[in-house]
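**Q** Can you look at this prediction? I've put the sequence above it.
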Amino acid sequence: RTVYVNGEYLPEDRATVSIFDRGFLMADGVYEVVSVLDGKLLDFDGHIERLKRSLSELSMGNPLTDEEYLNVQRTLIENNGITDGMIYLQVTRGNPGDRDFAYPPEDTVPTVVMFTQAKPGLADNPAAKTGWKVISVEDLRWSRRDIKTVQLLYPSMAKMEAKARGVDDAWLVEDGQVTEGTSNNAYIVKGNTIITRALSHDILHGITRAAVLRFASEAQMKVEERSFTIAEAQAADEAFITSASAFVMPVVEIDGAAVGAGQVGPVATRLREIYLEEMRKAAV
Ligand code: PMP
């Protein structure tokens, strides 16, 4: 596999980054994951806009132009023969040559890394037919979850807890209300209404979330942006999550209780279809 690091395309076993890089020492960096279907990027613009916002919230410069990001991603898709899969993009504050809590001088060059991951049949994931089971765990992450940092240890721990308990993911709960999944936004459905937590510093502003809420409104569904509890989710007609790599994924069980009929419901199914159809059309 060919990967990109700081302006160079290299075989993955020859790509290296300094041990002094603040991404490595301090998780001082941000990332994006863009899905690829039929060799094309889904919602590239949305992801680059969020990348720039994350960088700016951390007072980090943006090392590449939008066009450069696009060119690198297309080159990697081409060189690695990716049909379905994703591109990982990471920007860290770079290597100031020493470890210090203070940010390094402005002229420190950020480290930019991009690589592909092949996922044949990504859009036909059989899990979309059976749905995910989730557990709830306390949300113990820091309070700026709107910045997409590489500091992912707590979500990893929550994912491991879910695995240990034989389910697919964990929903994080703070002050009795669901914030989001370990790596996705969380929704419930009541009748014709889709309910998902409002945007704030408490959750990541999902690129898939923005698209799905737009498509839901266009399909005459009602959207309510508000918090909900695990009990309300268990009593809902349907539940689902969204992310760039899982698209729209139904959730059929929460903490051992079936959601609605305990089966994949019509709203999540329809939204997944609309999302995939519209995103494929607009892919670049
Ligand atoms: N919340 C969290 C915590 C995430 O890590 C992700 C995926 N990166 C999402 C939500 C979904 O965001 P997106 O739709 O942009 O992939």
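**A** Cool, the structure landed.

**Q** What parts of the stretch 51-200 of the chain come near the ligand?
**A** 180, 183-185 (Cβ under 6 Å from any ligand atom). All C-beta spots, glycine's among them, are computed from the backbone N, C-alpha and C.

**Q** now these in JSON lines, with neighbour count, secondary structure and pLDDT?
**A** Supplementary listing: these in JSON lines, determined by neighbours: other Cβ atoms under 10 Å; DSSP: H, G, I helix; E, B strand; the rest coil; pLDDT from 0 to 100:
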{"residue": "180", "neighbour count": "26", "secondary structure": "strand", "pLDDT": "98"}
{"residue": "183", "neighbour count": "19", "secondary structure": "coil", "pLDDT": "98"}
{"residue": "184", "neighbour count": "26", "secondary structure": "coil", "pLDDT": "98"}
{"residue": "185", "neighbour count": "25", "secondary structure": "strand", "pLDDT": "98"}
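
**Q** Most widely separated two among the residues you listed?
**A** Spatial extent of those (Cβ to Cβ) is set by the pair 183 and 185 at 9.6 Å.

**Q** Quickly list what's touching both of the two.
**A** Residues touching both residue 183 and residue 185 (Cβ atoms under 8 Å, 6 or more residues apart in numbering) are residue 243.

**Q** Which parts of the chain are helices?
**A** Taking DSSP state H as the test, the helices found in the chain are 22-26, 44-57, 66-79, 127-130, 153-164, 207-218, 230-234, 266-282.

**Q** So which of these is nearest residue 10?
**A** Between these, helix 66-79 lies closest to residue 10; by Cβ to Cβ that is 11.0 Å.

**Q** What is the burial count for the closest residue to residue 176 other than its chain neighbours?
**A** Nearest residue to residue 176, sequence neighbours excluded (Cβ to Cβ, 6 or more residues apart in numbering): residue 229, at 5.7 Å. Neighbour count for residue 229, taken as other Cβ atoms under 10 Å: 15.

**Q** Then residue 135?
**A** Neighbours of residue 135 (other Cβ under 10 Å): 20.

**Q** got it, and residue 214?
**A** 14.

**Q** Enumerate every residue touching it.
**A** Residues near residue 214 by Cβ under 8 Å, 6+ apart: none.

**Q** can you pull out the strands in the stretch 51-200 of the chain?
**A** When assigned using DSSP state E, counting those that start in this stretch, the strands of the stretch 51-200 of the chain occupy the ranges 85-92, 111-118, 132-138, 169-174, 177-181, 185-190, 193-196.

**Q** want to throw those strands into JSON lines with distance to residue 156?
**A** JSON lines is the format used below for the strands of the stretch 51-200 of the chain (distance: least, Cβ to Cβ, whole Å):
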{"stretch": "strand 85-92", "distance to residue 156": "16"}
{"stretch": "strand 111-118", "distance to residue 156": "17"}
{"stretch": "strand 132-138", "distance to residue 156": "12"}
{"stretch": "strand 169-174", "distance to residue 156": "11"}
{"stretch": "strand 177-181", "distance to residue 156": "13"}
{"stretch": "strand 185-190", "distance to residue 156": "18"}
{"stretch": "strand 193-196", "distance to residue 156": "24"}
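
**Q** Break this structure down into its structural domains.
**A** Structural domains assigned to the chain are 2-120, 127-282, following automatic domain parsing.

**Q** Quote the end-to-end distance of stretch 10-27.
**A** 24 Å (Cα to Cα, to the nearest Å).

**Q** ditto for stretch 224-234
**A** End-to-end for stretch 224-234, by Cα to Cα: 17 Å.

**Q** which residues sit against that stretch?
**A** Contacts of stretch 224-234 with the rest of the structure, by Cβ under 8 Å, 6+ apart, involve 136, 171, 173, 176-178, 186, 188, 193-199, 213, 236, 239, 254-255, 257, 259.

**Q** Please, a PyMOL command that selects the buried ones among those?
**A** A single PyMOL command selects the buried members of the contacts of stretch 224-234 (16 or more other Cβ atoms under 10 Å):
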select buried, resi 136+171+177+178+186+188+194+195+196+197+213+236+239+254+255+259
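
**Q** of all the strands of the stretch 51-200 of the chain, which lies closest to residue 264?
**A** Nearest to residue 264, of these and by Cβ to Cβ, is strand 132-138 at 9.8 Å.

**Q** Run the chain-centre distance for the closest one.
**A** 17 Å (Cα atoms, centre = their mean, to the nearest Å).

**Q** Repeat that for stretch 50-65.
**A** Using Cα atoms, centre = their mean, the offset of stretch 50-65 from its chain centre is 17 Å.
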